[in-house]
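> how would this look folded up:
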Amino acid sequence: MKLSYGKMNKYLLAGVLAVGVAGCSDSDKAEKAEKAAAEEAVAEFNLLALVPVDSPYVFASSRKLPLELSEKLLKASAVNLEDGSLRAELAVSGADTDEAGQDMVKLVDAFLAELEGKMSAKGLESLGLPINGRSLIYGLGMLPVAWVEILDAGKVEAFLSRVEERSGMQAEKLTRGDISYRRFELDKLVGILAVGKEHLIMAVLPAKSEAEMLPLALGETKPEKSLADTGAFKAFSSKRKFLGYGDGYLDLVRMAEMALGESQGINAQVLQGLGVSPKELSAACHGFIKTTVQSVPMISFGFTEVTDRKYAIRATLETSPGVAAWLQKMSAPVPGVGVPNDGMVSFGVGFDLPQIRDGIKAMLRNFLETGKGCELVNEEELAQAMQGVDVAFNPMLVGMGIRGFSVTVNNIEVDTQTMTPKTVDAQVLLAATDPKSMFSMAGMLSPQLAQLDIPTDGTPVRVPLESMSPVAPPTFAAIKGETLALIVGDTAPDGIDQALSAPVADAPPFFSMSYDANKLFQTIGPPMKNMVQSMQGEEAADLQAAYQSMETAAEVYGKIDFRMLGTERGFEIDTVVNLK
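Modelled structure (predicted):
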């Protein structure tokens, strides 16, 4: 059987399309399955029935993190506890506190001491605690209540008793049904530490309204309307594509209502129990504060990706659509900023100076308008601030057309004795309307730089930095379009073309940073270790602790990426962590 080239191409095209469609289908199915699993977990997380619908803050982990991921995160976070440095810092910071502060230091120190040597799955299990248990933290008014899953109530009780004995602080022990709890008097507050069959419960309540609030904190009674009743938390998480491993928010509108004395229900009851009287403000100030907060009503945060080897977290200062639109215009595309790379360390910024200037001035004008008659608003100071913006963003600065820069350090060889770089492989990219004029300004630093003529066709030119510093590494500069590249290293000219053609991010961030924990430790670790051996006393101990933290991070973490950008939801901070 013979196949013509036309038929072969047709079958190849059909095969490629089939594979592509299958891949997209599998990817879509996986994403939909993960979303469905998250929504189901939140819907079935019965602890949400304890949370009043108007709680000012909520953090809920309705799903268990993967065991392997939990073990790695615990290992990375435990180093300062295991080596005793955390307790040492606590002792120093609490040395000058009053008697109540000293008691709190003793209690925390006893708690940390009990955890030493137990920061592992088996170690926590010996205390009756799971390594990846689900949990809930929420506010009864401004005061926190926390529910944490446990494995063994008896072991948890024994753990708490040892903490009490070690600290020398004995709490009043009481019971309510199946729950035993410890009660701590804290002036106008009462601390509650309770152990149920499946949960450890911690709460801080007003002493005056303890009798009314305790049944709510312990789950004996439910709020009139909860997040479970309304499905509000499920909708919150689903809309933001959070995965249920640890999602939450801080409701700034509710916080403002409490500060203004306009809250109702449990939020108002807590304030009354604390004897808090909001400061008397004029109606104009009430309006000004509420209008301002409505433009930034919430801070949200949650996991957006979770596997055994990777996780991503997004935190957002959520804003009104108008503010969000301005934030999206503030950043500018800069080659290399926010784009994945293989460097040891990289960071960069991208900004649109005219947009930033105009946005700040518009915000100040809005404060002047909405704050009329409010005693908190100083119109003269706001007017001066607007003039200061014009001075800071003067025509000369804005006219330069600077949009930002990116720095990537691929490798550094450091002398272990002197801590000075022996070799450097790095690049700097500057984005500007006229990069040649920008480089010409460097001529003010050195006559040799002033005489340097850099072509605009990408041809590399040696920059005589050694005339300014004998230890300066070989450096080359090149310009193409609106990008100036500075490449450092013996093989720098070979990387000029690649640097000048660096891509820009689809969604340009204001700021981005990434680093490889292992590469960083391999570079800095040896000279740090050498310095530790040559030092004594407290400085040596501090450097040793820093060295051990970096060593543990290098064992656990791979590449870590961090971005700050404006989106349709507001000011967003994205963190992506790869683990070994």
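> show me what contacts S238?
When contacts are counted by CB atoms under 8 Å, 6 or more residues apart in numbering, S238 touches K35, A38, E39, V42. C-beta: built from backbone N, CA, C; applies to glycine.
> Could you look up the SS state of the last one?
When you say that, I think you mean V42. helix (DSSP: H, G, I helix; E, B strand; the rest coil).
> What separation is there between it and G231?
For V42, the distance to G231 (CB to CB, to the nearest Å) stands at 9 Å.
> These two - which one has more neighbours?
Legend: neighbour count by other CB atoms under 10 Å for V42 and G231, higher for V42 (25 against 13).
> Tell me how many other residues surround L81.
17.
> Run the chain-centre distance for stretch 439-447.
Relative to its chain's centre, stretch 439-447 lies at 39 Å (CA atoms, centre = their mean, to the nearest Å).
> Give me the residues contacting it.
Contacts of stretch 439-447 (CB under 8 Å, 6+ apart): L449, A450, Q451, L452, I454, P464, S467, M468, A477, I479, L484.
> Ok, stretch 345-353 next?
Contacts of stretch 345-353 (CB under 8 Å, 6+ apart): 329-334, 336-338, 393, 397-398, 402-409, 429, 431, 508-516, 520.
> Tell me which of the residues you listed fall in strands.
402-409, 429, 431, 511-516 (DSSP state E).
> which residues of the stretch 451-580 of the chain fall in helices?
With helices called from DSSP state H, counting those that start in this stretch, the stretch 451-580 of the chain shows them at 496-500, 517-534, 537-556.
> what is the mean pLDDT for the shortest one?
Helix 496-500 comes out with an average pLDDT of 88.
> What residues of it count as buried?
Within helix 496-500, the residues that count as buried by 16 or more other CB atoms under 10 Å are I496, A499, L500.
> Same question for the longest one.
The neighbour-count check on helix 537-556 (16+ other CB under 10 Å) flags 541, 544-545, 547-556 as buried.
> what's the answer for the second one, then?
Buried residues in helix 517-534, defined by neighbour count with 16+ other CB under 10 Å: A517, N518, K519, L520, F521, T523, I524, G525, P527, M528, M531, V532.
> Just the CA trace of the helix or strand hosting L112, in CSV.
Element membership for L112, per DSSP states H and E: helix 99-115. Below are the C-alpha coordinates for helix 99-115, written out as CSV (Å, rounded to 0.1, in the frame of the first residue of the first chain):
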residue,chain,number,x,y,z
GLU,A,99,5.4,40.5,84.9
ALA,A,100,2.5,39.6,82.6
GLY,A,101,4.9,39.6,79.7
GLN,A,102,7.4,37.4,81.6
ASP,A,103,4.6,34.9,82.2
MET,A,104,3.7,34.8,78.6
VAL,A,105,7.4,34.3,77.6
LYS,A,106,7.6,31.4,80.1
LEU,A,107,4.5,29.8,78.6
VAL,A,108,5.7,30.2,75.0
ASP,A,109,9.2,28.9,75.9
ALA,A,110,7.7,25.8,77.5
PHE,A,111,5.6,25.2,74.4
LEU,A,112,8.6,25.5,72.1
ALA,A,113,10.7,23.3,74.4
GLU,A,114,8.1,20.5,74.2
LEU,A,115,8.2,20.7,70.3
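> Give me the residues contacting it.
Under CB under 8 Å, 6+ apart, the answer for helix 99-115 is 81, 86-87, 90-91, 94, 97, 127, 159, 162-164, 166-169, 186-187.
> go again using 6 Å as the cut-off
R87, L90, G94, R162, V163, R166, S167, M169 (CB atoms under 6 Å, 6 or more residues apart in numbering).
> Please produce a markdown table containing the buried residues of helix 537-556, extended by pLDDT.
Formatted as a markdown table, the buried residues of helix 537-556 follow (pLDDT from 0 to 100):
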| residue | pLDDT |
| --- | --- |
| A541 | 78 |
| Q544 | 82 |
| A545 | 79 |
| Y547 | 84 |
| Q548 | 83 |
| S549 | 83 |
| M550 | 87 |
| E551 | 87 |
| T552 | 85 |
| A553 | 86 |
| A554 | 89 |
| E555 | 89 |
| V556 | 89 |
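> Relative to N132, which of those residues is nearest.
Distance to N132, by CB to CB, is smallest for V556 among these, at 15.9 Å.
> how much space is there between the closest one and E34?
For V556, the distance to E34 equals 24 Å [CB to CB].
> do the same with T416
46 Å.
> and if you look at A76?
Counting by CB to CB, the gap from A76 to E34 is 25 Å.
> Now for the contacts of helix 99-115: which two are most distant?
G94 and R162 (20.6 Å).
> For the helix or strand hosting A383, buried residues please.
Secondary structure from DSSP H and E places A383 in helix 379-392. By neighbour count with 16+ other CB under 10 Å, helix 379-392 contains the buried residues A385, M386, V389.
> cool, stretch 34-41 as well?
Taking 16+ other CB under 10 Å as the criterion, stretch 34-41 shows K35, A38, E39, A41 as buried.
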